[in-house]
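Q: Below are the sequence and a predicted model; questions follow.
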Amino acid sequence: MQLKVKIEDKGVRELLGNLIDNLEDPKPALRAIGEVIRTSVERNFASQGRPDPWEPSRRVKESGGETLTDTARLRRSFTVEVGDESVAVGTNVIYAAIHHFGGMIRPVHAKALFWGGASNPVKSVKLPARPFLMVQKEDWSEIRETLGDFLTRRS
């Protein structure tokens, strides 16, 4: 059995034509989705962790400020890179992973670390995970809306 559909409505024909045209180059949609994610990362920093608050750093406990934002280098480093069929949001800051995932820092070329201005050396420092590069539940509706807008926009 074969089903054929003939669309007589000019508006629907236009909409389907735009959908086909827009699918030929997904880069604008991917860039827009990447910007939604990058903005979500900014909100993660501004909220000091979402949905769960980050454990405040020692610096913040002792002298105030915001965790992971001493110089704001990490916070300002996120970029969006668009490929033909993909989008990547990331950073080239070398210490991003240890802050995102947490972990132990141990000396590589010395016997001890002088951590955070402490006068006594330590053998290791454990950093808690403070996840920042993640899409939050509430971001998905904005991603769906962005994709819907792209698919139905007029060429």
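A: Good, I have the coordinates. Residues are numbered from 1 along each chain as shown.

Q: Can you list the buried residues in the top helix by length along the chain?
A: Counting residues, the longest helix found in the chain (DSSP state H) is helix 27-46. By neighbour count on 16 or more other Cβ atoms under 10 Å, the buried set for helix 27-46 is 29-34, 36-38, 40-41, 44-45. For glycine as for every other residue, the C-beta is placed from the backbone atoms N, C-alpha and C.

Q: Which elements pack onto that helix?
A: On a contact count with 3 or more Cβ pairs under 8 Å, 6 or more residues apart in numbering; DSSP states H and E, helix 27-46 meets strand 79-82, strand 87-90, helix 139-152.

Q: Might you list the low-confidence residue ranges for this structure?
A: Within the chain, the segments meeting pLDDT under 70 span 1-20, 22, 116-118, 154-155.

Q: If we use 80, what do you get?
A: 1-24, 115-119, 151-155 (pLDDT under 80).

Q: re the thing from before, could the buried residues of helix 27-46 be laid out in CSV, adding distance to A112?
A: Formatted as CSV, these follow (distance: Cβ to Cβ, whole Å):
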residue, distance to A112
A29, 51
L30, 46
R31, 46
A32, 48
I33, 45
G34, 42
V36, 44
I37, 39
R38, 38
S40, 38
V41, 34
N44, 33
F45, 31
